[in-house]
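Chemist: need a structure here:
(one chain, ligands or ions: 1)
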Amino acid sequence: MKVLLAVGGGIAAYKSAELVRLLMQQGHQVQVVMTRAAEEFVRPLTFAALTGRKVLTNLFAIESAIEHIAVAQEHELLVIAPATADLMAKLAHGLADDFLTTLYLAFTGPVLLAPAMNVNMWQHPATQANLATLVKRGHTIVEPGSGYLACGMSGPGRLADPEIIAAAIERAAHPRRDLEGETVLITAGPTQEPLDPVRYISNRSSGKMGYALADAAAARGARVMLISGPVHLAPPRGVEVVGVRTAAEMRDQVMQHLPGADIVIKAAAVADFHLSKVPDHKVKKTAARISLELDPTPDILAELGRKKGDFLLVGFAAETQNLQQEARRKLESKNCDMVVGNLVGASDLGFESDENEVVLTLRTGETIALPRASKRAIADRIFDEVLNLRLALHAANGR
Ligand code: CTP
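Modeler: The predicted structure is shown next:
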């Protein structure tokens, strides 16, 4: 594929050199474009040497007035990495005062952005509003990772690893539409069970795995319904999101949206217990010690397992020990077709992480270990195996 890689002016610009190397390895033809600010961080010569092509810079734009249109027409995918806060703002508003921004307006193909900036700049409402505009426009966003940033602060804002960006480019280059015509129902996030009007019981689920599954299914052509507990994530493009708070609300929405679903994935971390009678007013600190009497919440997955019609049912098991035994036990007791198991608590993987490492336990008796990867990549692998499993189950039933 003929890829235009636009490098913005951020400290992460040096990582784009590695991205270029990966793209060349994957067999793409890469043309690098640099903003004036990017040239302050990396010399165009680095990219010229890696690609064997002259880098397009702002100076080039001054020399040849209509070249941005020819360049736009010759290429199939525009990747902007790193996309700085300033670049995102310009693109969102259609400003066109240099080579890259004029090229962007002239380009009609798919656009992929990998933002990188300081955590406060990323979380600023102005940046988030620009991000929403770019998502709405249909662009693919490779979310920044969390971690130590060059500015000394910690949090989301770090350019995604070049391997993750390259994988997203691969998906854009070879879109799979193997879920076209299917309806996928996914639950994600934690639930919150109120104790009084201001307090609740919840858990550490971030919702990232469920949202990655929704994004993957939509990208592969499915109609996706996402029943989500309270999370801080942007709704994936093309996905219908229904927000819920408690396990009881989640159960009602799942049952309401179930008719017509072909695949149901219960990635939510549903609270197991709740207070049946929530006091109308805030509980006061009158006693030295209090005890809570909690009742079980509805087990949504078990109810789905009992109903089981034509849909394929996937549950999750987040365990701190005995992963395989627990996953197999849940598969049997809740009548699932697949259980996605992961170890939580002990490692940096799982709940809040951008990456995951899971074991798939299948109804056929098989187990498949998926090595550590981004949650988005794991989501695609889960759908690969869901489709394989469905074929295997159909073949077995037809026998
Ligand atoms: N689940 C559900 N409804 C509940 C509790 C769990 O639908 N009230 C689903 C989760 O969405 C997940 C699966 O059941 O797909 C496993 O959740 P988990 O909490 O690990 O299982 P439990 O059955 O609650 O088992 P335990 O807490 O004893 O490990």
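Chemist: residue boundaries of the helices in the stretch 151-300 of the chain?
Modeler: With DSSP state H, counting those that start in this stretch as the criterion, the stretch 151-300 of the chain has helices at 162-173, 208-219, 247-257, 300-307.
Chemist: Give me the distance from the first one to the chain's centre.
Modeler: With Cα atoms, centre = their mean, to the nearest Å as the basis, helix 162-173 stands 13 Å off its chain's centre.
Chemist: tell me the contacts of whichever residue of the stretch 1-150 of the chain sits closest to the ligand?
Modeler: For the stretch 1-150 of the chain, the residue closest to the ligand is residue 143, as judged by Cβ to the nearest ligand atom, at 23.4 Å. Heads up, the C-betas are built off the backbone N, CA and C, glycines and all. Shown in contact with residue 143 (Cβ atoms under 8 Å, 6 or more residues apart in numbering): 115, 156, 160, 354.
Chemist: If you rank those residues by neighbours, which is first?
Modeler: Compared across the contacts of residue 143, residue 115 has the highest neighbour count, 30 neighbours, by other Cβ atoms under 10 Å.
Chemist: In terms of helices and strands, where is the residue of the stretch 1-150 of the chain closest to the ligand?
Modeler: Counting by DSSP states H and E, there is no helix or strand that carries residue 143.
Chemist: How about the one 4 residues further on?
Modeler: Using DSSP H and E, residue 147 sits within strand 145-148.
Chemist: List the contacts of that strand.
Modeler: 154, 155, 156, 157, 158, 159, 160, 161, 164, 354.
Chemist: check contacts around the residue most central in space within the chain.
Modeler: Central residue of the chain (Cα atoms, centre = their mean): residue 212, 3.5 Å from the mean position. For residue 212, the contact set (Cβ under 8 Å, 6+ apart) comprises 374, 375, 376, 378, 379.
Chemist: So which of those sit within strands?
Modeler: Residues of these located in strands (DSSP state E): residue 374.
Chemist: Which positions in the stretch 151-300 of the chain make contact with the ligand?
Modeler: With the criterion set to Cβ under 6 Å from any ligand atom, the stretch 151-300 of the chain comes near the ligand through 247, 266, 268, 270, 272, 297, 298, 299, 300.
Chemist: Flag every buried residue along the strand holding residue 147.
Modeler: residue 145 (16 or more other Cβ atoms under 10 Å).
Chemist: Likewise for stretch 264-280?
Modeler: 264, 265, 266, 267, 268, 269, 270, 271, 274, 275.
Chemist: Specify the beta-bridge partners of the second one.
Modeler: Beta-bridge pairing of residue 265 under DSSP bridges involves residue 186, residue 314.
Chemist: Need the pLDDT of it.
Modeler: Residue 265 carries a pLDDT value of 98.
Chemist: show me what contacts it?
Modeler: Neighbours of residue 265 in contact, by Cβ under 8 Å, 6+ apart: 184, 185, 186, 187, 210, 213, 314, 382.
Chemist: List the buried residues in stretch 166-186.
Modeler: 166-169, 171-173, 179, 182-186.
Chemist: May I see the residues you listed organised as a markdown table, with pLDDT added?
Modeler: Converted to a markdown table, those look like this (pLDDT from 0 to 100):
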| residue | pLDDT |
| --- | --- |
| 166 | 95 |
| 167 | 91 |
| 168 | 92 |
| 169 | 94 |
| 171 | 86 |
| 172 | 85 |
| 173 | 84 |
| 179 | 97 |
| 182 | 97 |
| 183 | 98 |
| 184 | 98 |
| 185 | 98 |
| 186 | 98 |
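Chemist: Identify each buried residue in stretch 10-23, please.
Modeler: So stretch 10-23, judged by 16+ other Cβ under 10 Å, has buried residues 10, 11, 12, 13, 15, 16, 17, 19, 20, 22, 23.
Chemist: And the contacts of stretch 386-396?
Modeler: Contacts with stretch 386-396, where a contact means Cβ under 8 Å, 6+ apart, come from 178, 179, 263, 312, 314, 337, 338, 362, 363, 364.
Chemist: Distance check, the fourth one against the ligand.
Modeler: Taking Cβ to the nearest ligand atom, to the nearest Å as the measure, residue 312 falls 14 Å from the ligand.
Chemist: Tell me how far that residue lies from residue 167.
Modeler: Counting by Cβ to Cβ, to the nearest Å, the separation of residue 312 from residue 167 is 25 Å.
Chemist: and what of the last one?
Modeler: If you measure residue 364 against residue 167 using Cβ to Cβ, the figure is 28 Å.
Chemist: Can you pull out the low-pLDDT segments for the protein?
Modeler: The model of the chain has pLDDT under 70 over residues 59-66, 346-351, 399.
Chemist: quick check: domain ranges of it?
Modeler: 2-173, 183-396 (automatic domain parsing).
Chemist: Quick check: end-to-end length of stretch 26-40?
Modeler: Length of stretch 26-40, first residue to last, Cα to Cα, to the nearest Å: 28 Å.
Chemist: do stretch 255-268 as well
Modeler: Using Cα to Cα, the two ends of stretch 255-268 sit 15 Å apart.
Chemist: Understood, closing this out.
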